[in-house]
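Undergrad: What follows is a predicted structure for the sequence shown.
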Amino acid sequence: MAGNCTNSWETNGTRIGYLNVTCELPIRYAQPMYGYVVPFLLVVTIIANTLIVVVLSKRHMRTPTNAVLMAMALSDMFTLLVPAPWLFYMYTFGNHYKPLSPVGACYAWNLMNEVIPALFHTASIWLTLALAVQR
């Protein structure tokens, strides 16, 4: 693994914390996956789910089943859309080697890459279960 994987450094007697994303995943796999594959999947996901939402939101298409399907499409789209700005910044634009600082940015990284996508993904799973129960 390349780089120093400590999450703080000391300068003038002050310890400064930061997030080093190259320590989270092997960068030789993370860079192509998050930097090139995920942007392609993001575009495909946004186009497909936007079309699904447009079709299912028509007045004559409004049924309870279609409401669940539309919510699933939105949930799946947000699962990928929320972490996208960070993935673009870190991996597509090649900033993964820079420490992420200040601490607020580290919290935002964690929230937008771990917490919120997991929430939307879990919602999508529950909506799939709701659809199965409804059927």
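TA: Structure's in. What do you need?
Undergrad: Just want the most central residue of the chain.
TA: With distances taken as Cα atoms, centre = their mean, the chain has Pro83 as the residue nearest its mean C-alpha position (2.9 Å).
Undergrad: And that one, what's its pLDDT?
TA: In this prediction, Pro83 carries a pLDDT score of 94.
Undergrad: Distance of it relative to Ser75?
TA: 14 Å (Cβ to Cβ, to the nearest Å). All C-beta atoms are positioned from the backbone trio N, CA, C, and that covers glycine.
Undergrad: measure Arg62 to Ala48 for me?
TA: From Arg62 across to Ala48, the span is 20 Å (Cβ to Cβ).
Undergrad: His60 too?
TA: On the measure of Cβ to Cβ, His60 and Ala48 end up 21 Å apart.
Undergrad: Also Val37?
TA: The gap separating Val37 from Ala48 is 16 Å, by Cβ to Cβ.
Undergrad: got the contact list for the closest residue to Pro64 other than its chain neighbours?
TA: What sits nearest to Pro64 in space, not counting adjacent residues and going by Cβ to Cβ, 6 or more residues apart in numbering, is Gln134, at 6.6 Å. Counting by Cβ atoms under 8 Å, 6 or more residues apart in numbering, Gln134 touches 64-65, 68.
Undergrad: Helices - which of those land there?
TA: Using DSSP state H, the members of the contacts of Gln134 that fall in helices are 64-65, 68.
Undergrad: Do you know the pLDDT at Leu111?
TA: 94.
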